[in-house]
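Visitor: Need coordinates for the following:
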Amino acid sequence: MKTWSAVREWIAITFATAIIAMSVFFFLMPSHLSVSSISGLSIILANFLPLSVSAITMVLNLALLGLGFALIGRGFGVKTVYTSILLPLFLGILERLFPQGGSLTGDALIDMICYCFFVSIGLAMLFERNASSGGIDIVAKLMNRFLRLELGQAMSLAGMCVAVSAIFVYDIKTVLLSVIGTYLNGIILDHFIFGSTMKKRVCIVSKKQAEIKTFILHQLHSGATVYDARGAYTDEPFQEIIAIVDKAEYLKLMNYLAKADPDAFVTVYAVNEIIYKPKV
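Guide: Take a look at the predicted model:
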């Protein structure tokens, strides 16, 4: 089973890399945009070097991989090596299959939107499996380590530098589309990454806390924490139930509360990340 699970993971990583490659080839390259990626930088450099975009992407990724291993260490990850080599290989195959290239939509703005949407799907699939597409991710990690920048800030700064570099080759419209695309790509990527894993922190104050705890534990098969509290106005003691639930559990819990205790005081917060060590 473990072997089949590993095979499925590598198939998913390969498929995600193929999605990224097709996004670059069919949307990024025809519109000459440089949206937050090494592929975008390669498109610009292709105007000055006698090499294809796939060849330049391969050279840049290999150089960055070398820097990563030298300056960050071997913990860098086999998956990053695999995707960094696979991406330009896929681009090379597409260049041979479709030598004429050309935009699928004929509109740079639509190309930019389509690229951001589809590449975010591929990147989210990689991040979910603790992988990355290399390139800008490596630059961001180097900036994080040596310039003490937060990883998110480093990703944004590196991406914007790539986007703005289009000014040396293309007109102001292309530059602006590249900058907007870089920003939009971050928003869409966050949606795909956090949207699928988003949980809710539900805080409940109710006179029927015993029934509510039983429902959470035995119907939702989830956990809960109970805090002792005291009202500031009445000075009366009470208990607050706090549960972390996913989307499906949240709907079931809210429907139950509406029937079991319509007068319950409930507050809900979005939770992007949970870090804990389960008891064995």
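
Visitor: what about this structure, any weak spots by pLDDT?
Guide: The model of the chain has pLDDT under 70 over residues 1-2, 36, 72-77, 130, 144, 149-153, 190, 193-197, 272-273, 275-280.

Visitor: Please name the residues that touch residue 28.
Guide: 35, 37, 39, 40, 43, 111, 115, 119 (C-beta atoms under 8 Å, 6 or more residues apart in numbering). Every C-beta, even on glycine, is put in place using the N, C-alpha and C of the backbone.

Visitor: cool, and residue 90?
Guide: If you count contacts by C-beta under 8 Å, 6+ apart, residue 90 has them with 17, 18, 21, 22.

Visitor: Which stretches in the stretch 1-150 of the chain count as strands?
Guide: Assigned by DSSP state E, counting those that start in this stretch, the stretch 1-150 of the chain shows no strands.

Visitor: Identify, from the contacts of residue 28, the entry nearest to residue 260.
Guide: Nearest to residue 260, judged by C-beta to C-beta, of these is residue 119 at 45.2 Å.

Visitor: and the gap between that closest one and residue 203?
Guide: Relative to residue 203, residue 119 is positioned 37 Å away (C-beta to C-beta, to the nearest Å).

Visitor: okay, those two: which has more neighbours?
Guide: residue 119 (28 against 15; other C-beta atoms under 10 Å).

Visitor: which residue sits closest to that one in space, ignoring its chain neighbours?
Guide: Once flanking residues are discounted, residue 119 sits nearest to residue 23: 4.1 Å by C-beta to C-beta, 6 or more residues apart in numbering.

Visitor: where do the helices sit along this protein?
Guide: 2-23, 29-31, 38-45, 53-71, 78-97, 108-128, 136-146, 151-164, 172-195, 209-214, 247-260 (DSSP state H).
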